[in-house]
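**Q** Here's my sequence, what's the structure:
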Amino acid sequence: MTDEITIRQEIRNLLIDNLLTAKDISKIIRIKEKDAIDHLNHIAKSVGKKNFIMEPSVCMKCGFVFNKRERLTSPGRCPVCKHEGISEPRFGIKKED
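**A** Predicted coordinates for the structure are as follows:
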């Protein structure tokens, strides 16, 4: 048996006490951004809602915060001003006590 770490374990380790975008994760781990999102969905379920942190996207023009968004991908445009400049959500994991 080997002690190789899986991609998900590697992402989990990165997210403990750090906030990263899916793009950040994809660059660090060298995987596609879409694959990073898929792994994040599984990680969110496994660590639970109270331990998974999702800092929401924000419209760069009017400041609208996407607080109620459940999907982990960036929104396409702002529902208020229709601007397409939206910050990417950032993800993290609370350190277990």
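
**Q** right, and Phe91 touches Leu20 too?
**A** Yes: if you go by CB atoms under 8 Å, Phe91 and Leu20 touch, sitting 6.2 Å apart. C-beta coordinates here come from the backbone N, C-alpha and C atoms, glycine included.

**Q** can you count the residues close to Glu33?
**A** 17 (other CB atoms under 10 Å).

**Q** helix/strand/coil for the residue lying closest to Asp17 once chain neighbours are set aside?
**A** Excluding its sequence neighbours, the residue lying closest to Asp17 (CB to CB, 6 or more residues apart in numbering) is Lys95, at 5.5 Å. Assigned with DSSP: H, G, I helix; E, B strand; the rest coil, Lys95 falls in the coil class.

**Q** if I look at Lys95, how far off is His42?
**A** 20 Å (CB to CB, to the nearest Å).

**Q** Identify each of the helices in this protein and give its residue range.
**A** Listed in chain order, the helices of the chain (DSSP state H) span 7-15, 22-29, 33-47.

**Q** Sort out which residues of the shortest one are buried, please.
**A** Using 16 or more other CB atoms under 10 Å as the test for burial, helix 22-29 gives 22, 24-26, 29.

**Q** try the last one
**A** By neighbour count with 16+ other CB under 10 Å, helix 33-47 contains the buried residues 33, 36-37, 39-40, 43-44, 47.

**Q** tell me which of those residues is nearest to Thr73?
**A** Set against Thr73, the nearest of these by CB to CB is Ile37 (6.0 Å).

**Q** surely that closest one meets Thr73?
**A** Yes: between Ile37 and Thr73 there is a contact at 6.0 Å, judged by CB under 8 Å.

**Q** pretty sure Asn18 contacts Lys94?
**A** No: assessed by CB under 8 Å, Asn18 is found out of contact with Lys94, at 11.2 Å.

**Q** So for the residue nearest in space to the middle of the chain, what's the pLDDT?
**A** Most central in the chain under CA atoms, centre = their mean is Phe91, positioned 3.7 Å from the mean C-alpha point. What the model reports as pLDDT for Phe91 is 97.

**Q** give the contact list for it.
**A** 15, 19-22, 25, 40, 52-55, 72 (CB atoms under 8 Å, 6 or more residues apart in numbering).
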